[in-house]
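**Q** Predicted model and sequence follow; I will ask about them next.
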Amino acid sequence: MKNFLNIHSDLDVNILIKEAIELKKNPFQFETIGRRKTLAMLFFNSSLRTRLSTEKAARNLGMEVMTLNVIDAWKLEFEDGTIMNLDKAEHVKEAAQVISQYADVIGIRAFPTLADKQKDESEFILNGFLKNASVPIVNMESATGHPLQSLADALTIEEFKTKHKPKIVLSWAPHVKALPHAVPNSFVSMMRTLEADLTITHPIGYELDDRITKDTAITHDQDQALKDADFVYVKNWSSYKEYGKVLNRDSAWMMTKEKLGTAKFMHCLPVRRNLVVEDAVLDSEDSLVINQSNNRTFAAQVVLKNILEIN
Amino acid sequence: MKNFLNIHSDLDVNILIKEAIELKKNPFQFETIGRRKTLAMLFFNSSLRTRLSTEKAARNLGMEVMTLNVIDAWKLEFEDGTIMNLDKAEHVKEAAQVISQYADVIGIRAFPTLADKQKDESEFILNGFLKNASVPIVNMESATGHPLQSLADALTIEEFKTKHKPKIVLSWAPHVKALPHAVPNSFVSMMRTLEADLTITHPIGYELDDRITKDTAITHDQDQALKDADFVYVKNWSSYKEYGKVLNRDSAWMMTKEKLGTAKFMHCLPVRRNLVVEDAVLDSEDSLVINQSNNRTFAAQVVLKNILEIN
Amino acid sequence: MKNFLNIHSDLDVNILIKEAIELKKNPFQFETIGRRKTLAMLFFNSSLRTRLSTEKAARNLGMEVMTLNVIDAWKLEFEDGTIMNLDKAEHVKEAAQVISQYADVIGIRAFPTLADKQKDESEFILNGFLKNASVPIVNMESATGHPLQSLADALTIEEFKTKHKPKIVLSWAPHVKALPHAVPNSFVSMMRTLEADLTITHPIGYELDDRITKDTAITHDQDQALKDADFVYVKNWSSYKEYGKVLNRDSAWMMTKEKLGTAKFMHCLPVRRNLVVEDAVLDSEDSLVINQSNNRTFAAQVVLKNILEIN
C-alpha cells in the first residue's frame, strides 16, 4: 500500500510532476477512476486551500468526499497504554481502523504544537493514523511537512522556468506569530530531490533542521542570496533550534519589489501583506502565488490518482 | 460575466420568476447542466434555509457543492494597503482569486456589523470577493440585501395571488435583537421592480433607506396599512437612521390573526413565535412561510442555471 | 410513512438483519435506488462513526447527503406556545417543515440532558421533528435510544455466533463522565426482540428502565454473569434511578482478558482504554468492535433502502 506522507514517500515526485502537467490539460480525463471510492478528510486544524483543492481534486476523479472537523467528534488519545480517564474519549487505534472502513483514502491535517519538539517530530497524529489505518494516508500538512504544497510548488516552477536549472531562493520573512516548519521543510526536500540550484537565506537562529537542509547553501545575507535569483520562495517560520520561538521580527527581511528584481515570487498562502511581502510584489505580474494555489488541485489529484491505481 | 448580487443585478427577475415556475414542475429537468461544475458556498454567518436550499438547488442541476464555514479557515482582511500584523491571516485579494480556481460559482453569506453604517453599506465582503474573484458571485444574504429570499418571495406571491395587482403590505414587527435590513430592503426592491401595490408600515424611527423605498407608500398606522391587504410580509429590522439601534419593542406591532384578516401571511424565517407573530397565524392556512422556504430551492436553482448558461 | 426511531419502529429488525447480510456482499447493488434523493443529517451533538457511516451508507445508495451541525444555524425552540423572546430563534415547527422540503429523509442526533429525566424521555427533539416533518425520520442516537448501533450489533452477533442461541451479557463498566442510556436501552430491546439469551450485570443503583429490561436476567455479580458467555457487550451508563448521576467508579468492573475468557468482546465505541476495558481485550482477536463499526454502514444502508422503497 502506498501513502503520500512526505516528499520521500511512496510516490516518485518526478513522475507525479509529469503526470500533473498532463492532467491539467484535461482535469476530467480520469473522472471515473474514483467511482465508488471515498476520500475522508480529517481536519485537526484550519484550512482553506487544502480543504477546497483536495475536495475538488477527489471529485474530479469521481470520488465521494467526506469532511470531518475532528472538533465535531471528540478528542483522540495517541499514547499507548494510558488509562483514558481525562478528556480523550477515543484512541487513534480505534478511530483509524474505524474510518478505514468508511473511506478508501484518509487525508489528515495536523499542525505541530511548536512547544514540544520531540512530540512534533514524532508526527504522532499522522503516524498514529498510518500505523492503525488499513487504507492509504495522505498528508494534508502535518507537524513537519506539507508535501502537497511542495508538489504544487514544483509543478509551478516547472511551468514557469525558462532555463534548465533555475536559481531558487528560499527567503525567511518576518511574522507576528510563531509558524510551523512544514512548508519550508517540504520545499527544501522537494528542491533537493529535483536537484535544483537552491539557496536558503534567513536571520541567525532560524536554521532549519540540518537533516533536511544537508549541504544546501545557506546565508544570512538576503541581498547576496537574492542575486540572480529566478524564483524567490518567501516564508516565515519560527526558530527550530530555540524551538517554536520568535527571535526576530525585523521588517528589513520583508520581500519588496526592489529586492525581488526580475525573479518570480512564490508563497504558499495565506500571506500577510506588507508584513511578509509588500503589496507591490503580490499585485505584480511576477507573483506566482495564484498559480501555486491553482496547482494544489492538480497536485492532490495526481497523488489521489496514483494511490487509487496502486492500492 | 453575470453575478447575482441584488435585485437590480445582472439577471432579469421577471424572467427568473417565469423560469422558476417552469423549473418547479420538474426540478431535475436540467440535471446535467452543472456537470463538472462546482459551487463553493462561503459562510461568514449562520444559515439553515440558505445553506440547505442552495446546496439542494446546485445538486438538482448536477453541480458539486463545497461548503466552507469561514471560521474553519481564518480571518480575512478586506482593507487595502494595511500592514497585516494583527489577527487577519489572509487578504480577500488572495482568497477570492484562489477560491475562483476551485469553484465555478461562489456563494457568499456575510451579515452586517449593524455598528458601522458606512462599512456595512460598502458591502466590503461581498464586493471584496466580487472585485477579486474570476467566477460569478451569488449573494446568499449580505449586509444590505437578500435577493434569493426576495426571488422566492416573489415566486410565492405569483403562485398565490388571485388578482393581477394584489395589495402587499410590509409590516415591521417587534424583536428582542437588532436585526439587519437585508430582507426588507430586497423585498421592497423586488416589489417595486414587479410594480406591485406595496405599502410599508412601521413605527416612527424605523424608516428604511429612502434610496430603496423611494416613493413607496409608508405609514405609521399599521391598521390602516393592513386594510384590504392581500399579502402581509412581516419582518423586524433595527433602526436605519439610528443605525442598528432597537428603538421600539411594542408588542402591539406583533401580527395577529385578527389583524391579518383574510390576507396571506409571509415571513422569511426564522421567525420568533408570539413575539413577531402569534401562533394562530403561523398555524393557519393563511401562512405561506413554508411555501416561501420551499421556493428558496427554485429561486437558487434558477439563478444558478442562468449563471451557468451565461458565463 | 415509515420512520426508524427505535428498535420497535416501523421496520422489522429481523428482515433488516437478513437484508444487511445480503447487502454487505455487494454494497453497491442498489446504487441507483437513491437517485435524486437527499439525506439531511442534523447533528445537535458530536459524532464520528454515525456521521461517516451514515453518509457512506446513503452515498452507496446513490443519495445526496447534506450535513448540518445545528450550531451552524441557530437554537431551536421545542415548547409549544412560548413567547420566543430569549435565545431560541426558530421553532421546530418551522424547521422540520422547511427541512422536509429540501430532503427526502432526515437523520437526527440529539443526546439527552441527563439532568431532566422527564424531558429526556419525552424525546422532545426527535419527536419534535417527527411531529412536524413531512419526510421519514431516522434516529442517529437520541436521548433514549440508538437503534442504528443496535442493528449493527445484532448483525455482528449474527455473523459471529457459533450456536443458535448464544449467551449474551451486557456488562456495565466504570467511566469518569455521566453517559446516556441510549446504547444499553437499544441493545437490550434488540436482544429481547431477537429472543437472545441475555443477562445484564451492573452495580447496585444502575438498574436500567424496567419498561425496557422487563424480565431480563439481571445480576450484580459480574463473575457469575460472565460465566459461559459467548458475547460480552461492555458499556458504561449513568444511573437511571438517580438520574444522570455517577454512583460508582469501581475499576473492578473494568473488562479484562481474564474475565472475558473465550467470549467475544463488543462495545459501540468510542471506548476509553484501560478505564472501560483493558488494552489486552481490545487488541485481541476476540474484540469485535471494529466489526461492529463496519456494520454501522450496512445497518444505516438497509434502513435507508427500506425507507426509500416504502415511502
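**A** Cool, got the structure.

**Q** What segments of the stretch 101-250 of chain A are helices?
**A** A:117-121, A:124-132, A:147-160, A:182-193, A:210-213, A:222-226 (DSSP state H, counting those that start in this stretch).

**Q** Nearest to chain B, out of those?
**A** helix A:147-160 (11.4 Å; CB to the nearest CB). Where you see a C-beta, it was placed from the backbone N, CA and C, and this is true even at glycine.

**Q** hang on, the earlier thing: mind putting the helices of the stretch 101-250 of chain A into a markdown table with mean neighbour count, mean pLDDT and distance to chain B?
**A** Output for the helices of the stretch 101-250 of chain A, formatted as a markdown table (neighbours: other CB atoms under 10 Å in any protein chain shown; pLDDT from 0 to 100; distance: least, CB to the nearest CB, whole Å):
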| stretch | mean neighbour count | mean pLDDT | distance to chain B |
| --- | --- | --- | --- |
| helix A:117-121 | 15 | 98 | 21 |
| helix A:124-132 | 20 | 98 | 18 |
| helix A:147-160 | 24 | 98 | 11 |
| helix A:182-193 | 23 | 97 | 14 |
| helix A:210-213 | 14 | 98 | 25 |
| helix A:222-226 | 16 | 98 | 20 |
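
**Q** show me the contacts for the nearest residue to A:Lys165 once chain neighbours are set aside.
**A** Excluding its sequence neighbours, the residue lying closest to A:Lys165 (CB to CB, 6 or more residues apart in numbering or on different chains) is A:Asp197, at 5.3 Å. Neighbouring residues of A:Asp197 by CB atoms under 8 Å, 6 or more residues apart in numbering or on different chains: A:Lys165, A:Pro166, A:Lys167, A:Ile168.

**Q** what do you get for A:Ile168?
**A** A:Ile157, A:Met191, A:Ala196, A:Asp197, A:Leu198, A:Thr199, A:Ala229, A:Asp230, A:Phe231, A:Val232, A:Tyr233.

**Q** again, 10 Å this time
**A** A:153, A:157, A:161, A:187, A:191, A:194, A:196-200, A:229-233, A:263-264, A:266 (CB atoms under 10 Å, 6 or more residues apart in numbering or on different chains).

**Q** do A:Ile7 as well
**A** So A:Ile7 contacts A:13, A:139, A:145-147, A:150-151, A:154, A:185-194, A:212 (CB under 10 Å, 6+ apart).

**Q** and with 6 Å instead?
**A** If you count contacts by CB atoms under 6 Å, 6 or more residues apart in numbering or on different chains, A:Ile7 has them with A:Pro147, A:Ser186, A:Ser189, A:Met190, A:Thr193.

**Q** Correct me if wrong: the fourth one contacts A:Ala154.
**A** Yes - using CB atoms under 6 Å, A:Met190 and A:Ala154 qualify as a contacting pair, with a distance of 5.2 Å.

**Q** Model confidence for the nearest residue to A:Met140 once chain neighbours are set aside, exactly?
**A** The spatial neighbour of A:Met140 that comes closest, neighbours along the chain excluded (CB to CB, 6+ apart), is A:Arg109 at 4.2 Å. Turning to A:Arg109, the model gives it a pLDDT of 98.

**Q** What parts of the stretch 201-311 of chain A come near chain B?
**A** A:Leu269, A:Pro270, A:Arg272, A:Arg273, A:Asn274, A:Leu275, A:Ile290, A:Ser293, A:Asn294 (CB under 6 Å from any CB of the partner chain).

**Q** any idea which of those is the one closest to chain C?
**A** Proximity of those to chain C (CB to the nearest CB) peaks at A:Pro270, which lies at 22.6 Å.
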